[in-house]
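In: pasting a predicted model and its sequence here:
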Amino acid sequence: MKLTHEHEQLRATALKAVGEHISPWVEEWEDARICPAHQVFKALGNLGLLGINKPVEFGGLGLDYSYASVFNEALSTIRSGGVKMAIGVQTDMATPALARFGSDEVRREFLTPSITGDLVSCIGVSEPHAGSDVAAIKTTARRDGDDYVISGGKMWTTSGTQADWMCLLANTGDASEGIHKNKSLICLPLRENGRLVKGVTVARKLKKMGMHASDTAELWFDEVRVPVRNLIGQEGAGFTYQMLQFQEERLYAAVGSVSGCERLIEQTIAYTRERHVFGQPLINNQVIHFRLAELATEVEALRALTWKCVEAHCNGEDVTRLASMAKLKGGRLQREVADSCLQYFGGMGFMDETPISRAFRDGRLGSIGGGADEVMPRIIAQSMGVMPPRR
């Protein structure tokens, strides 16, 4: 896909924003195990960077997804996967279905302030017993007059200790209707005036092996009342909407993998040029030349696949197959590149103070979040017609 001068202008704006509003504080946020989402998102929102491909009438720029992908590439210069992931939840995980299927009223209430950075969003799909198996969720939204009464809980919720609202997937019907037809997406307010809504509990902030600057939480819901008007689209269509929403999440992951891998290879080349072993620069070893060349080739192949998918998505095509391929390859390649490059940093690669160590930890989530590696081949195989769909 050919990028234009306008794409590069947006990239420059995004890189400047990262340099001014994020990079100077990354180490502080990593140590604190949280970044100030409201502060960071407001700075990005003021520049129009949180609604690049969202409708103009609700505060977005109305551009296609290729511009959002360029923004994603710029975010990959942040030396913290946690910060980048938190931003991605706001732009590519919690808001796509709302932007596409939500009523004007619910979009004005939740989408517009999310684009401006005045509200922090999160996505509520995974539960302790239901990660990649989305159909197995147990959270319910029972109809009571003009309200839904929500009970249950969500796990691994990015920005969960700070978020103002959640794009919640819940069972609004009985399982007898079919586990793919009894679910709905609902905009669930979590906080009002900075205080948790009645019935919402942040059970705990989770400790993770990586993504430290991103707060991740387990939340419980005890008879939380939400107006039925907060429904996104049609009742019972939530599973389908979430599957569509996953495509942008997986594309976000794939684009980030390309840029992240490229950056790690560049950092490794720079380090091995400076590091001397047995009287010569470490990079003089042919084994390093060949390994980095192989990895760079894999990155270019992933770039071609990913941007083919971005272009197809911009053209309105169904990218389920390509996005699943790109996400699968991206997660695995990110692990391979980080592990290989860390080896060439030697003892320093094992130190927390070294960026490669953080990339190694943060990147491991790529093969789990947004659909595990073991799930992607099933989706791809179904699209190829070589296995029956799930009933």
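Out: Nice, thanks for sending it over.
In: number of nearby residues for residue 49?
Out: Residue 49: 25 surrounding residues under other C-beta atoms under 10 Å. For the C-beta atoms, the positions are set from N, CA and C on the backbone; glycine is no exception.
In: can you pull out the strands in the chain?
Out: Remark: strands assigned in the chain by DSSP state E are 121-124, 140-144, 147-158, 165-171, 183-189, 191-192, 195-196, 200-205, 216-227, 231-232, 276-277, 280-281.
In: what helices and strands are in contact with the last one?
Out: I take that to be strand 280-281. helix 238-274 (3 or more C-beta pairs under 8 Å, 6 or more residues apart in numbering; DSSP states H and E).
In: quick one: average confidence on the helix it packs on?
Out: Averaged across helix 238-274, the pLDDT comes to 96.
In: again with stretch 54-73
Out: Mean predicted confidence for stretch 54-73 is 98.
In: export that stretch as CSV, just CAs?
Out: What follows is stretch 54-73, C-alpha atoms only, in CSV (Å, rounded to 0.1, in the frame of the first residue of the first chain):
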residue,chain,number,x,y,z
LYS,A,54,-13.7,7.5,13.6
PRO,A,55,-16.7,9.5,12.2
VAL,A,56,-16.2,13.2,11.9
GLU,A,57,-19.7,13.9,13.4
PHE,A,58,-18.5,12.4,16.7
GLY,A,59,-15.1,14.1,16.9
GLY,A,60,-13.0,11.8,14.7
LEU,A,61,-10.9,12.7,11.7
GLY,A,62,-12.9,10.4,9.3
LEU,A,63,-9.7,9.0,7.7
ASP,A,64,-9.3,5.3,6.7
TYR,A,65,-7.5,2.7,8.7
SER,A,66,-4.2,3.2,6.9
TYR,A,67,-3.8,6.4,8.8
ALA,A,68,-4.6,4.7,12.1
SER,A,69,-1.9,2.1,11.2
VAL,A,70,0.7,4.9,10.6
PHE,A,71,-0.2,6.2,14.1
ASN,A,72,0.3,2.7,15.4
GLU,A,73,3.8,2.5,13.8
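In: tell me which residues in that stretch are buried?
Out: Residues of stretch 54-73 classed as buried: 54-55, 58-61, 63-73 (neighbour count, 16 or more other C-beta atoms under 10 Å).
In: ok, now stretch 38-53?
Out: Buried-residue list, stretch 38-53, by 16+ other C-beta under 10 Å: 38, 40-45, 48-53.
In: stretch 289-301 now?
Out: Quick answer for stretch 289-301 (16+ other C-beta under 10 Å): 291-292, 295-296, 298-299.
In: between those residues, which is nearest residue 200?
Out: When these are ranked by distance to residue 200 (C-beta to C-beta), residue 299 comes first, at 42.1 Å.
In: quickly note the distance from the nearest residue to the closest one once chain neighbours are set aside to residue 366.
Out: Leaving aside its sequence neighbours, residue 299 sits nearest to residue 261 (C-beta to C-beta, 6 or more residues apart in numbering; 4.8 Å). Noted for residue 261: a distance of 10 Å to residue 366, by C-beta to C-beta, to the nearest Å.
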